[in-house]
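Novice: Build the 3D model from these lines:
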Amino acid sequence: MSVLASGSTGNATYIENDKGSLLVDVGLTGKKMEGLFEQIDRKIENLNGILVTHEHVDHIKGLGVIARKYGLPIYANEKTWSCIEKKDSKIPTDQKFIFKPYETKSIAGFDIESFSVSHDAIDPQFYIFHNDYKKLTLITDTGYVSDRMKGMIRGSDAFVFESNHDVDMLRMGRYPWKTKQRILSDMGHVSNEDAAYAMRDVITGQTKRIYLSHLSQDNNMKDLARMSVGQILQEHDIDTTNELKLCDTDKEQATPIYTL
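Specialist: Below you'll find the model as predicted:
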């Protein structure tokens, strides 16, 4: 897997096994997406499909272009499709597939579970990938991590986990108060600290990597996110030096391919 891009300007994650490959979200232009695939030496035309989490532009910006150019099947829930179609009505009908919340689908050799999150989109959902006794969870764009979410994602071998903002930076920053309230709300994004406390409850001996993702461009920094999360995990006897690796993600640089 590789987190191709992550942040408020665009999100995309690539996942493969020996039977196929998938892309979660297409939050950058078609040209930039092609460049990100070049960084990991993969080809978009070899994908078996695209999964969409929600309709915000930083997750679907290049969806229509990539869909039409490469003819790929696209999976999203019904309410998300209704919003996508208002923004881009030209995605061919035969490429549209429904993936309901709390459904499990087998695609490209993966068994994939979808689950709802708390975010200000119409019906946002994220995904858990199972393959060959390995488990990968993507969970970003949520205002909090509920007990139900924790129960589903616990014990993943790797997580792509939101660590959006530092609360003090956000409160003192340049955003309008209404925007700050939205980010801090249960329908916004989790902070470094809240992410760490949620991670504490879902990390097991199986967990080897956590990719800190969807960092705010204005209200967070990679070093700060890693330090804040790491400190809280260490305080709860989770070894982030030898047992578990906290990994950075970037808005325009793909992470190296990692094999679970």
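
Novice: wait, what's in contact with residue 152?
Specialist: 113, 115, 128 (CB atoms under 8 Å, 6 or more residues apart in numbering). The way it works is simple: take the backbone N, C-alpha and C, and place the C-beta from them, glycine included.

Novice: go on, residue 256?
Specialist: Residue 256 touches 2, 40, counting by CB under 8 Å, 6+ apart.

Novice: Same check on residue 105?
Specialist: Each residue near residue 105 by CB under 8 Å, 6+ apart is listed here: 75, 99, 111-112, 114.

Novice: For those, work out which two are farthest apart.
Specialist: Largest separation among the contacts of residue 105 by CB to CB: 75 and 111, giving 13.8 Å.

Novice: the more surrounded of the two?
Specialist: Legend: neighbour count by other CB atoms under 10 Å for residue 75 and residue 111, higher for residue 75 (24 against 13).

Novice: which element is that one on?
Specialist: Counting by DSSP states H and E, the element that carries residue 75 is strand 74-76.

Novice: what helices or strands is that strand leaning on?
Specialist: Using 3 or more CB pairs under 8 Å, 6 or more residues apart in numbering; DSSP states H and E as the contact test, the elements touching strand 74-76 are strand 50-51, strand 96-98.

Novice: Moving along the chain from it, name the first helix or strand you hit.
Specialist: Per DSSP H and E, the helix or strand that comes after strand 74-76 is helix 78-87.

Novice: any idea how far the strand holding residue 75 is from the chain center?
Specialist: 15 Å (CA atoms, centre = their mean, to the nearest Å).

Novice: What residues does residue 226 make contact with?
Specialist: 212, 246, 248.

Novice: What pairs with the strand holding residue 75, parallel or antiparallel?
Specialist: strand 50-51 (parallel), strand 96-98 (parallel) (DSSP bridges).

Novice: Now do it: everything it contacts.
Specialist: Outside strand 74-76, the residues touching it (CB under 8 Å, 6+ apart) are 49-52, 63, 67, 84, 91, 95-99, 105, 107.
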